[in-house]
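In: From the sequence below, what's the structure:
(chains A and B)
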Amino acid sequence: MEKQQEEEAAAELAEPGGEGGQPEAAGAQEASPKDRLSLLLRLRAQTKQQLLEYKSTIDANEEETTEEMMQEEQIEAKIEGLENEIEEAKVAFEMKSLALGRIQLSAALENNLEDVNTKTTLLLDNMKHVLKLNKLIMTSQQESWDLEETLLNIRKKRLQLKQASESKLLEIQTEKNKQKDDLDNMENSDKIKAIRKNLQEEIQTTTVIQHVFQNLILGSKVNWAEDPALKEIVLKLEKNLTMF
Amino acid sequence: MSVLRPLDKLPQLNTATILLVSTEEAILQQLADKMLREDCSSQLLVHLATSLPLPSNVTRPQIDLIVFVVSLHSKHSLQNVQESLCHVDARFFLGRVCFLATGAGQESHCSVHHHTILKLACTYQSPLLFTDLKTEGFLVAMAQRLVRMLQICAGHTPGVSALSLLSLQSSEIPSLEDL
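Out: The predicted structure follows:
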């Protein structure tokens, strides 16, 4: 690569706003003290900023970095972490300055409100209006909260009633089932069987006895139709004793 | 002194120095003229060079901002810039280097793909500006922008440093997702 000449187009065209006095310039006496002051202040700000930059460079150089070669991803991750730190610092600074501004504003407001004259009435009126609105908001919020409370209570009660009715129905059902079970048990129990058996035997005996009487009466060739007692005994055949 | 180092000399009072590097001298001259005509409260020194390293026989003040101008029409300018980048100290890339790409408008004449220059700017983590230095309006606008950047890099703007400007300009720096 051939070395080219460097053209130094050092055009020292200084155009500071308002002819800030260059010490070598002939028109130094024309520069008003105000402009000189502004130039000095600007130079001060510049020097401060440059000093800050140099200091930060020195601090950065003093920090010992590890000699081992880190991989690219690690370096990038580290860079990201550092950038995040910077962002957080910036954000914190912003918040703090905002808070400071707010404090200053409220302090100025207080001072403004202390001297009561026609100019501040607008501010006071606004504040009173804001307070009124806030009160309204609070009351309406309270009302809505109360209404919500009652609604909630009613819902709770409904739920409780539902649960009670559910339990009652469950009870009824269990009772019915129990009754049914009892009935079934009863029917299947042995006592009943024995009783039934006895009943059957008795019925049979009675039927036999009835038949015997009837046959006796018929066999004796008595006119049973005239005597009601005899009639009754003969006609008992009609009654089926099993159907009690 | 073959390697340019930032902040290695004491700054001159109220002076800011910019170094423009490109193979096309005419454009650099125009840009330099426009910059010097800008209304700026600090004194501006504009150095033009076609390549680095700079000859060490000349005493010069410390350089605050380096602008590498690459024309997308010629591969030679890109090569030139890539070779010059070796002579720049790493600490310069913390916000004191800017890449300028011209001629992106005429796609037919572009022999350098803009992807290449994007990758270059991404590798060096420096902002990349596209402009057309042949049109008067764009020239003036770019001159204004460079003057503002120069003022910040020289420390003439209280509260903003070159590094913070770099983090603010993160949209101008191509990232790996763009490629």
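In: What is the neighbour count of residue B:95?
Out: Residue B:95 sits with 24 neighbouring residues when counted by other CB atoms under 10 Å in any protein chain shown. To be clear about C-beta, it is placed using only N, CA and C from the backbone, and glycine gets the same treatment.
In: Need phi/psi at it.
Out: phi 100, psi 0 (degrees, to the nearest 10).
In: give me every residue that touches it.
Out: If a contact means CB atoms under 8 Å, 6 or more residues apart in numbering or on different chains, then residue B:95 has B:126, B:153, B:161, B:162, B:163, B:164, B:165, B:166 as its contacts.
In: Identify the residues contacting the second one.
Out: By that I understand residue B:153. Going by CB under 8 Å, 6+ apart, the list of residues near residue B:153 reads B:16, B:64, B:65, B:95, B:96, B:162, B:165.
In: what does the third one give?
Out: For residue B:161, the residues meeting the contact criterion (CB under 8 Å, 6+ apart) are A:49, A:52, A:53, A:56, B:95, B:152, B:155.
In: Out of these, list just those in helices.
Out: A:49, A:52, A:53, A:56, B:152 (DSSP state H).
In: Which strands or helices does the longest helix belonging to chain A pack on?
Out: The single longest helix within chain A, with elements called by DSSP H, is helix A:118-188. With contacts taken as 3 or more CB pairs under 8 Å, 6 or more residues apart in numbering or on different chains; DSSP states H and E, helix A:118-188 sits against helix A:72-114.
In: any idea of the mean pLDDT for the helix it packs on?
Out: For helix A:72-114, mean pLDDT rounds to 89.
In: Just confirm yes or no for it near chain B.
Out: Yes: with CB under 8 Å from any CB of the partner chain as the criterion, chain B is reached by helix A:72-114 at A:83, A:86.
In: How far off centre is that helix?
Out: Put simply, helix A:72-114 sits 32 Å off its chain's centre (CA atoms, centre = their mean, to the nearest Å).
In: Make sure residue B:11 is actually in contact with residue B:156.
Out: No: counting by CB atoms under 8 Å, residue B:11 sits too far from residue B:156 to count as a contact (9.5 Å).
In: out of those two, which sits in the more crowded spot?
Out: Each of residue B:11 and residue B:156 has its neighbours counted (other CB under 10 Å); residue B:156 has more, 25 against 21.
In: quick one: that one from residue B:168, how far?
Out: Noted for residue B:156: a distance of 17 Å to residue B:168, by CB to CB, to the nearest Å.
In: now residue A:161
Out: Distance from residue A:161 to residue B:168, by CB to CB: 67 Å.
In: what's the answer for residue B:32, then?
Out: From residue B:32 over to residue B:168 (counting by CB to CB), the distance is 26 Å.
In: Name the residue in those two with the higher neighbour count.
Out: residue B:32 (23 against 13).
In: so where does the closest residue to that one other than its chain neighbours fall, helix or strand?
Out: Closest residue to residue B:32 in three dimensions, ignoring its sequence neighbours and counting by CB to CB, 6 or more residues apart in numbering or on different chains: residue B:46, at 4.3 Å. Element membership for residue B:46 (DSSP states H and E) is strand B:43-49.
In: residue contacts, residue B:35?
Out: Taking CB under 8 Å, 6+ apart, one finds B:18, B:44, B:46, B:143, B:146, B:147 in contact with residue B:35.
In: Can you give me the pLDDT of it?
Out: The predicted local confidence for residue B:35 is 89.
In: which non-adjacent residue is nearest it?
Out: residue B:143 (4.4 Å).
In: if I pick that neighbour, what's in contact with it?
Out: Contacts of residue B:143 by CB under 8 Å, 6+ apart are B:31, B:34, B:35, B:37, B:38.
In: switch the cut-off to 6 Å
Out: The contact partners of residue B:143, taken as CB atoms under 6 Å, 6 or more residues apart in numbering or on different chains, are B:34, B:35, B:38.
In: now the helix or strand containing it: mean pLDDT?
Out: Secondary structure from DSSP H and E places residue B:143 in helix B:136-153. For helix B:136-153, mean pLDDT is 91.
In: List the buried residues for the helix or strand following that helix?
Out: Following helix B:136-153 in sequence order, the next helix or strand is helix B:162-168 (DSSP H and E). Buried residues in helix B:162-168, counted by 16 or more other CB atoms under 10 Å in any protein chain shown: B:162, B:163, B:165, B:166.
In: Mind listing residues that contact helix B:162-168?
Out: So helix B:162-168 is contacted by B:94, B:95, B:96, B:152, B:153 (CB under 6 Å, 6+ apart).
In: pLDDT at the first one, what is it?
Out: Spelled out, it's residue B:94. We note a pLDDT of 85 for residue B:94 in this prediction.
In: Return the distance of the nearest residue to it once chain neighbours are set aside relative to residue A:121.
Out: With sequence-adjacent residues excluded and distances taken as CB to CB, 6+ apart, residue B:94 is closest to residue B:163, at 5.2 Å. Separation of residue B:163 from residue A:121 (CB to CB) stands at 51 Å.
In: Write out the residues of chain B neighbouring chain A.
Out: B:7, B:11, B:32, B:36, B:41, B:43, B:45-46, B:48-51, B:54-55, B:83, B:155-156, B:158, B:161 (CB under 6 Å from any CB of the partner chain).
In: Sort out which of the residues you listed are buried, if you could.
Out: Here, 16+ other CB under 10 Å leaves B:7, B:11, B:32, B:36, B:41, B:43, B:45-46, B:48-51, B:54, B:155-156, B:161 buried among the residues of chain B next to chain A.
In: Max pairwise distance over those residues: which two?
Out: B:41 and B:51 (32.0 Å; CB to CB).
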